[in-house]
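Asks: compute the structure for the input listed below.
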Amino acid sequence: MRSAILGAGSWGTALASVLAGKGYPTVLWGRDPAVVEAVALRHENPRYLPGIPLPPSLGATTDMGRALEGAELVVLAVPSHALRQVAIESKRLVHAGVPIVSCAKGIEVDSLMTMNEVLEDVLPVPLHPYLCFLGGPSFAKEVARGLPTAVTIAGRWERVARQVQEAFHTKTFRPYTSSDIVGCEIGGCVKNVVAISAGLSDGMGFGANARAALITRGLAEISRLAVKKGANPLTLSGLAGLGDLVLTCSSELSRNRTVGFGIGQGKTAEQVQKELGQVAEGVRNARSVHALANRLSVYMPISTAVYGMLYEGVPAKTAVGDLLGKETKSELAG
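Replies: From the prediction side, this is the model:
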């Protein structure tokens, strides 16, 4: 199966490595000539996955047309804020009947559309049934190293989701299928915001009890928003919900947790992101999640606190104090 991966960051490179490692002719597309050249000639992505060897058969190019030529599987592995533009650039180059897999986790700031809604807004209608969405607990570095990983492939058509599942399935990369696109997308997006709060808590030295509380109450927020958008609540107890949330909130590999941790130790979000050198989706997600929750009248106090801290200048201690000082209630009341 000839595969094209659009996006040469850590996640795009890791997924390209999975597909190329299975023997599929695979081409990675990126805008940075230095990254593309390193992948093509040195079989390494020194900027995003330094020290991890890539399959020698993996190709790389800055020419999107070349990457998509004859592609039987297209993977969109760009940050959420870049997805619309990449979809616009690629829509005339993708053939009908080809599965298109989005890995972006976010809600578009201006439109408040999920990534599925963005793609359906941009791509021709005949391509819509072939859209799938990959989510779940998966750090790119571990996937690229061949460490065991399980993910969810959500798609409108089970036949297409199964086709994508088979393409990615290896001895160490295990995809499950789902028909709940909304649940997978909301879970993948909002967990980034909750992870900032968990990192903040750890950075301020609040301990494991506080982190567990934030994960649990954060999951309740994610579920409320997802169900309001039409998701199956059971999806949020699976890989794309609880699984992704626990991983992102508890690991030092998480960029979003790292942002929160840095803020908890007195740094600004800008300082931490500059040190990371990569996108922490939760910073942007905090704004769109806050706006969507307000539009849909969904109670999301943790997300609101993170938004206030990032965009309204609320001090970290004040944000935490506001959360702890909220009126007590039944756990199941919200």
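
Asks: which strands and helices sit next to the helix or strand containing Leu323?
Replies: Assigning secondary structure by DSSP states H and E places Leu323 in helix 316-324. For helix 316-324, the elements it packs on are helix 181-203, helix 301-311, judged by 3 or more CB pairs under 8 Å, 6 or more residues apart in numbering; DSSP states H and E. Every C-beta, even on glycine, is put in place using the N, C-alpha and C of the backbone.

Asks: and among the ones you listed, the most buried is which?
Replies: Stretch with highest mean neighbour count among the helices and strands packed on helix 316-324: helix 181-203 (a mean of 29; mean count of other CB atoms under 10 Å).

Asks: next, work out how far apart Gly230 and Gly183 are.
Replies: 9 Å (CB to CB, to the nearest Å).

Asks: same check on Ala87?
Replies: Ala87 sits 22 Å away from Gly183, going by CB to CB.

Asks: skipping its backbone neighbours, what lies nearest the residue most central in space within the chain in space?
Replies: Geometric centre of the chain, nearest residue: Lys105, 3.3 Å, by CA atoms, centre = their mean. Distances taken as CB to CB, 6 or more residues apart in numbering put Gly188 closest to Lys105, at 3.8 Å, once the chain neighbours are dropped.

Asks: is it true that Gly183 touches Leu225?
Replies: No - taking contacts as CB atoms under 8 Å, Gly183 lies outside contact range of Leu225: 10.3 Å.

Asks: where does the chain have low pLDDT?
Replies: Scanning the chain for pLDDT under 70 picks out the ranges 334.

Asks: what about the strands in it?
Replies: Remark: strands assigned in the chain by DSSP state E are 3-6, 26-29, 59-61, 73-76, 100-102, 131-135, 149-155, 173-178.

Asks: which of these sits closest to Ala208?
Replies: Each of the strands of the chain has some distance to Ala208 by CB to CB; the shortest is strand 149-155, at 24.4 Å.

Asks: export only the CA atoms of the closest one, formatted as PDB.
Replies: This file holds the C-alpha atoms of strand 149-155, laid out as PDB (Å, rounded to 0.1, in the frame of the first residue of the first chain):
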ATOM      1  CA  THR A 149       1.300   1.000  21.600                       C
ATOM      2  CA  ALA A 150      -2.500   0.700  21.200                       C
ATOM      3  CA  VAL A 151      -4.600   3.400  19.500                       C
ATOM      4  CA  THR A 152      -8.100   4.000  18.100                       C
ATOM      5  CA  ILE A 153      -9.000   4.500  14.500                       C
ATOM      6  CA  ALA A 154     -12.400   6.200  14.200                       C
ATOM      7  CA  GLY A 155     -14.200   6.300  10.900                       C
END
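
Asks: which other helices and strands does it contact?
Replies: Using 3+ CB pairs under 8 Å, 6+ apart: strand 149-155 touches strand 131-135, helix 158-168, strand 173-178, helix 181-203.

Asks: quick one: strands adjacent to it?
Replies: Here strand 149-155 is paired, per DSSP bridges, with strand 131-135 (antiparallel), strand 173-178 (parallel).

Asks: the strands of the chain: which one's closest to Val272?
Replies: strand 131-135 (24.3 Å).

Asks: now do that closest one: distance to the chain's middle.
Replies: Chain-centre distance of strand 131-135: 10 Å, with CA atoms, centre = their mean, to the nearest Å.

Asks: now the angle between helix 181-203 and that strand, please.
Replies: 20 degrees (axes from the mean of the first three to the mean of the last three CA atoms, to 10 degrees).

Asks: what residues does strand 131-135 touch?
Replies: For strand 131-135, contacts defined as CB atoms under 8 Å, 6 or more residues apart in numbering pick out 15, 75, 99-103, 105, 115-116, 119-120, 123, 151-156, 160-161, 164, 168, 175, 181, 184-185, 187-188, 239-240, 244.

Asks: show the buried residues in these.
Replies: Neighbour counting over the contacts of strand 131-135 (16 or more other CB atoms under 10 Å) leaves 15, 75, 99-103, 105, 115-116, 119-120, 123, 151-155, 160-161, 164, 168, 175, 181, 184-185, 187-188, 239-240, 244 as the buried ones.

Asks: can I get stretch 215-231 in PDB? Just the C-alpha atoms.
Replies: Output of stretch 215-231 as PDB, limited to C-alpha atoms (Å, rounded to 0.1, in the frame of the first residue of the first chain):
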ATOM      1  CA  ILE A 215      -7.300  13.400  35.800                       C
ATOM      2  CA  THR A 216     -10.600  12.100  37.100                       C
ATOM      3  CA  ARG A 217     -12.500  15.400  37.200                       C
ATOM      4  CA  GLY A 218     -10.900  16.300  33.900                       C
ATOM      5  CA  LEU A 219     -12.300  13.200  32.300                       C
ATOM      6  CA  ALA A 220     -15.800  14.300  33.600                       C
ATOM      7  CA  GLU A 221     -15.300  17.600  31.800                       C
ATOM      8  CA  ILE A 222     -14.200  15.900  28.600                       C
ATOM      9  CA  SER A 223     -17.200  13.500  28.700                       C
ATOM     10  CA  ARG A 224     -19.700  16.300  29.200                       C
ATOM     11  CA  LEU A 225     -18.400  18.200  26.200                       C
ATOM     12  CA  ALA A 226     -18.200  15.100  24.000                       C
ATOM     13  CA  VAL A 227     -21.700  13.900  24.900                       C
ATOM     14  CA  LYS A 228     -23.000  17.400  24.200                       C
ATOM     15  CA  LYS A 229     -21.500  17.100  20.700                       C
ATOM     16  CA  GLY A 230     -23.100  13.700  20.200                       C
ATOM     17  CA  ALA A 231     -20.400  11.300  21.400                       C
END
